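Participant: Following is a predicted model, sequence given first.
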Amino acid sequence: SAVISQKPSRDICQRGTSLTIQCQVDSQVTMMFWYRQQPGQSLTLIATANQGSEATYESGFVIDKFPISRPNLTFSTLTVSNMSPEDSSIYLCSVPSGRGYNEQFFGPGTRLTVL
Amino acid sequence: EDQVTQSPEALRLQEGESSSLNCSYTVSGLRGLFWYRQDPGKGPEFLFTLYSAGEEKEKERLKATLTKKESFLHITAPKPEDSATYLCAVQDYKLSFGAGTTVTVRA
């Protein structure tokens, strides 16, 4: 399975500011996924980041709010822009692996608190 | 839209008291059903993938089974270290997660 790291592990931010979260994988992968896990809720897919193309966003998520970069096959960033307290969540990246790349392995997450 | 419902929301067990978690789902084209374990403050840890009805997978005290409409995660003789939130997810073109079952095992 892939080894995934995220930075920062947690942060406390002020309303109206932006935070960029980094995701690093120890192997080359075509797709990387970004999820949000709001307090007490399950994981929701924000977008799929493909190297060399624009990210694909799920319903309810837009590029202006969550811009994503994918400069190479081992790295991606997610920016949470113009933050509000409702953006307080755990943000996780994941990559496909395993049989037919059908399984997903997750990073440790970034715990974001917006005041 | 895919739907995944997990029950119960929370489960408190005595050490050694076996139990089962349920995951019922509706999906247009099932490519796989996944079980994850999530500890507080950490990302989900992959446990199992099930691909077809009748399939079973085991790992230590955990056993996952799959039918056409639901999956069960059986915990046999649990220990306190099995305490965690267990997440179920189904995949067609993306992973859709249930809300999870939080299991607490008391010594």
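Facilitator: Everything's here; your move. Numbering: from 1, shown residues only, chains lettered A, B, ... in the order given.
Participant: and residue 83, what is it in contact with?
Facilitator: Let's take chain A. By Cβ atoms under 8 Å, 6 or more residues apart in numbering or on different chains, residue A:83 lies in contact with A:13, A:14, A:15, A:16, A:17, A:18, A:19, A:112, A:114. Bear in mind the C-beta positions are built from the backbone N, C-alpha and C, glycine included.
Participant: meant chain B actually
Facilitator: Residue B:83 sits next to B:103, B:104, B:105 when contact means Cβ under 8 Å, 6+ apart.
Participant: Any chance of a markdown table for those, columns pLDDT, secondary structure and distance to chain A?
Facilitator: Below are the contacts of residue B:83 laid out as a markdown table (pLDDT from 0 to 100; DSSP: H, G, I helix; E, B strand; the rest coil; distance: Cβ to the nearest Cβ, whole Å):
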| residue | pLDDT | secondary structure | distance to chain A |
| --- | --- | --- | --- |
| B:103 | 98 | strand | 15 |
| B:104 | 98 | strand | 16 |
| B:105 | 98 | strand | 21 |
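Participant: Put together TSV for those, with neighbour count on each row.
Facilitator: Written out in TSV, the entries for the contacts of residue B:83 read as follows (neighbours: other Cβ atoms under 10 Å in any protein chain shown):
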residue	neighbour count
B:103	21
B:104	13
B:105	21
